[in-house]
Structures are given as structure tokens and as C-alpha cells.
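In: show me how the following folds:
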Amino acid sequence: MNETAAHLLSLAYPAEFVPGARSAVTTCLRIAPAEKVTLITDRATEPIAAALGRELAECGCQWNAFLLEDLAPRPLANMPGEVLADMETSQVSIFAVQVQANELRSRMQMTDVVNRRHMRHAHMVNITPEIMCQGMRADFNLVDRLSQQVLERVRKARRIRATTAAGTDITADMNPGYKWFKTSGIISTEKWGNLPGGECF
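Out: Predicted coordinates for the structure are as follows:
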């Protein structure tokens, strides 16, 4: 554990964050004690990162944390080298940050490492206290089962029609050649995902 991780463990945070943080670490990312995690955050998101850090410590895994403002001026021109280097030795990464304009390049540098190394990555962009207390409390195992049912339908469908009692009537032609993914909140090495999650594309 590095100095920033120890700093996060010293911070107080609302007890209401605990269920969402626990869900991220144990349900969504399924972090094992033998794994290493890179936690990336910023000043605005410190209390949420502190809750995530406490759950990582409870899990017993090795982890390092990075506070972006300690490493480079915002908005970031590039993802700091210290972050990318740490990710090279991690199986899991968590990005819990309030993004700023013109930082897309830095996020792409981060996800390039994720994709190349097939890491499990939780993209918690613009996470807020409200989202921690609402969306992050979803039953992600249930969302995943529903998402799998959607995938099984769309992968073989040639046409889908959606109607509602309010008058919606939409028909879409489908292509069985498309490669479908789910970002249901259960994150795998196949595809990193946003948290909270719940979409098929």
C-alpha cells in the first residue's frame, strides 16, 4: 500500500457509501485477496475513494491509490506515468474521478493498458454521493441475469419491435453478425465497464 492509499484510509466518509463500495469491490469486480488493484481518484471524489479503499483493505488485497492533483495539473494532458506503471502490475483498476474538459486522451491512455492487459476495470466517471447511495446499491447479479437474457435475444434476432401502452411502436432491423456486449455491472476481463452498469450494446 502506498502513501496515498494510507491517506485514504485515514479519511472519514458517510456510512451510506459502504453498501455501494462493498458492491463495487466484492460483487462487481470480485477482487480476490491475492490480486493487486490500482485505485485512481481526485480531490473532489476523495470520500468515495476512501470508502472504496476501506473495502479493498477489508478484502485483504494489495492496492495502491493515486490522487490525480498530486501528480499533474488538471485538466490532464496525459495520464501520469506513475499511474500507468502501477496498472502494469495490477489485475484490477478503479477510476473514480470527476472528469474535466479535454481529458479524453488521458483516459484513453489508461484504457489502452486495461485493454492490452485484459484487466478488470471499473470506470466510475463522475460518480457522486447520490449515485453511490442509489445506483451502486442495485442488485448487479440480477441486472447481469437480465442483461444475459437481452443478449441471448438480440444475438439471434433479425428484427425487434418495442411497444408501450403510451403509444410507442418502434421496429429495428438487427444484424446477427454484430458482436454484442453487456456492461451489467459484473466486470470481466472481456470488457471493462462503467459503474454503476446496466446496458447492452
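
In: tell me how many other residues surround Gly60.
Out: Residue neighbour count, defined by other C-beta atoms under 10 Å, stands at 12 for Gly60. (Glycine included, C-beta is placed from N, CA and C.)

In: and the pLDDT at the residue sitting furthest away from the middle of the chain?
Out: For the chain, the largest distance from the centre (C-alpha atoms, centre = their mean) belongs to Gly167, which lies 35.5 Å off. pLDDT for Gly167: 97.

In: ditto for Asp173
Out: Asp173 is assigned 93 on the pLDDT scale.

In: so it sits against Arg161, correct?
Out: No: look at Asp173 against Arg161 with C-beta atoms under 8 Å: they stay out of range, at 10.6 Å.

In: Val113 versus Ala77, what's the distance?
Out: 17 Å (C-beta to C-beta, to the nearest Å).

In: between these two, tell me which one has more neighbours.
Out: Ranked by neighbour count (other C-beta under 10 Å), Ala77 and Val113 place Val113 first, with 20 against 11.

In: which SSE is the more buried one in?
Out: Assigned by DSSP states H and E, Val113 falls within helix 104-117.

In: which strands or helices does that helix pack on?
Out: In terms of contacts (3 or more C-beta pairs under 8 Å, 6 or more residues apart in numbering; DSSP states H and E), helix 104-117 is packed against helix 81-87, strand 92-97, strand 120-125.

In: centre of the chain versus the longest one, how much separation?
Out: Pointing back at helix 81-87 there. 18 Å (C-alpha atoms, centre = their mean, to the nearest Å).

In: I'm done for today, thanks for sticking with me.
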